[in-house]
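# Okay, here's the prediction I keep looking at, along with the sequence it came from:
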Amino acid sequence: MLGAQGRMGSTVANAVEGAADMKLVGTVDAGEDRSRLDEAEVAVDFTHPEAVMDNLRYLIEHDIRAVVGTTGFTEDRLETVRGWLAGKPGLGVLIAPNFALGAVLAMRFAQQAARFYASAEVIELHHNRKADAPSGTAAHTARLLARARREAGLEPGPDATTSEVDGARGALIDDVRVHAVRLPGLVAHEEILFGGEGETLTIRHDSMDRTSFMPGVLLGVREVLRRPGLTVGLENVLEL
Ligand SMILES: NC(=O)c1ccc[n+]([C@@H]2O[C@H](COP(=O)([O-])OP(=O)(O)OC[C@H]3O[C@@H](n4cnc5c(N)ncnc54)[C@H](O)[C@@H]3O)[C@@H](O)[C@H]2O)c1
Ligand SMILES: O=C(O)C1=N[C@H](C(=O)O)CCC1
């Protein structure tokens, strides 16, 4: 477990210890020696966007499969990981911005709705100790919406705003506006809003506790053993 002292890492370590078919081989946090993971079949990374690429390079070099929940993956980063894996046939890496079943379903439902609505925006809401914004889930959702809209031949819906305070309309990811809220008391939440003629549709998911991510992480650990190459998104493991 990489990031073992963190909010997610400590929860994953407990979940692995509670799983009858798994054994926690070693834990590593910042500044600690990664070689204590060298005997592991699978390493799980919940660290920091600035640390994860170096960890992944180490794991792939040492023929250790990886399940990664850490955010911050751009298409460039994913391409780099594919390059590292190219020389390692049989080795698998699973990277998922969100391991909660409901979050994955919400993204899939949003993808289905996107072709019917030119206008869509994403609001993500998280605890105020989160390092990055927008969330990896929201960035992934925005890209999925944009792709579904493109495939349906839809242009982004009209927006008459001509004057605004910087940031008031959120960040543009692939032509989809994403808004980030940070508050103590929250865990991880996302709303995908669609607007059409005289109606709106809202799809919302709430993780109330970090245990919500554990079934997905444990499934990922089991599945990465039989999935060579790079898999991006739990939706591919769940075959949604
Ligand atoms: N995919 C998902 O379902 C999901 C769910 C929750 C959080 N996350 C993501 O997981 C990441 C961690 O979130 P968190 O809330 O647990 O953060 P956190 O700050 O509580 O924990 C991160 C831990 O990683 C450690 N760390 C930093 N650099 C390291 C390194 N090089 N090697 C080993 N450990 C290192 C830190 O010391 C810390 O203990 C974030 O990117 C977050 O967005 C993803
Ligand atoms: O708590 C976090 O940090 C989370 N990060 C992921 C993201 O950025 O999408 C998943 C939800 C929780």
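Perfect, thanks for sending it. Numbers count the residues shown, from 1 in each chain. Ligands and ions are numbered 1, 2, ... in the order given.
# For the rest of this, base every contact and every neighbour count on C-alpha atoms.
Fine.
# all helices of this protein, in order?
7-17, 52-61, 75-86, 101-114, 136-151, 214-224, 234-238 (DSSP state H).
# Excluding its own residues, what touches the shortest one? List them.
For helix 234-238, the external contacting residues (Cα atoms under 8 Å, 6 or more residues apart in numbering) are Ile95, Ala96, Asn98, Phe99, Val104, Leu105, Arg108, Gly216, Gly220, Glu223.
# Nearest to Leu59 among the residues you listed?
Of all the contacts of helix 234-238, Leu59 sits closest to Ile95, with 13.5 Å by Cα to Cα.
# For the closest one, give its distance to ligand 1.
8 Å (Cα to the nearest ligand atom, to the nearest Å).
# Show me the beta-bridge partners of Val68.
Asp45, Ile95 (DSSP bridges).
# re the thing from before, filter the contacts of helix 234-238 down to the ones near ligand 2?
Asn98 (Cα under 6 Å from any ligand atom).
# Mind picking the two most distant members of the contacts of helix 234-238?
Longest span within the contacts of helix 234-238, Cα to Cα: Arg108 and Glu223, 20.2 Å.
# just to revisit the earlier point, can you list the helices of the chain in CSV and add mean pLDDT and distance to Thr27?
Output for the helices of the chain, formatted as CSV (pLDDT from 0 to 100; distance: least, Cα to Cα, whole Å):
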stretch, mean pLDDT, distance to Thr27
helix 7-17, 98, 8
helix 52-61, 98, 13
helix 75-86, 97, 23
helix 101-114, 98, 26
helix 136-151, 97, 24
helix 214-224, 98, 15
helix 234-238, 95, 24
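# and those, which is most packed in?
helix 136-151 (a mean of 22; mean count of other Cα atoms under 10 Å).
# Residues contacting it, please?
Residues contacting helix 136-151 (Cα under 8 Å, 6+ apart): 71-73, 97-98, 107, 110-112, 114-115, 118, 120, 122-124, 155-156, 173-178, 190.
# Could I have the buried ones of those as PyMOL selection syntax?
Those of the contacts of helix 136-151 that count as buried under 16 or more other Cα atoms under 10 Å are selected in PyMOL with:
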select buried, resi 71+72+73+97+98+107+110+111+114+115+118+120+122+123+124+173+175+176+177+178+190
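# List the ones among the contacts of helix 136-151 that fall in strands.
Taking DSSP state E, the ones among those that sit in strands are Ala120, Val122, Ile123, Glu124, Ile173, Val176, Arg177, Val178, Glu190.
# Export these as a markdown table, with columns for distance to Asp166 and pLDDT.
Compiled in a markdown table, these are given as follows (distance: Cα to Cα, whole Å; pLDDT from 0 to 100):
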| residue | distance to Asp166 | pLDDT |
| --- | --- | --- |
| Ala120 | 20 | 98 |
| Val122 | 18 | 98 |
| Ile123 | 17 | 98 |
| Glu124 | 19 | 98 |
| Ile173 | 16 | 96 |
| Val176 | 17 | 98 |
| Arg177 | 13 | 98 |
| Val178 | 14 | 98 |
| Glu190 | 22 | 98 |
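# tell me the two of the residues you listed that are most distant?
Farthest pair in those, by Cα to Cα: Ile173 and Glu190, 15.4 Å.
# Need the phi and psi values for the nearest residue to Thr70 once chain neighbours are set aside.
Excluding the flanking residues, the one nearest Thr70 by Cα to Cα, 6 or more residues apart in numbering is Phe46, at 4.8 Å. Phi and psi for Phe46, reported as degrees, to the nearest 10, are phi -130, psi 80.
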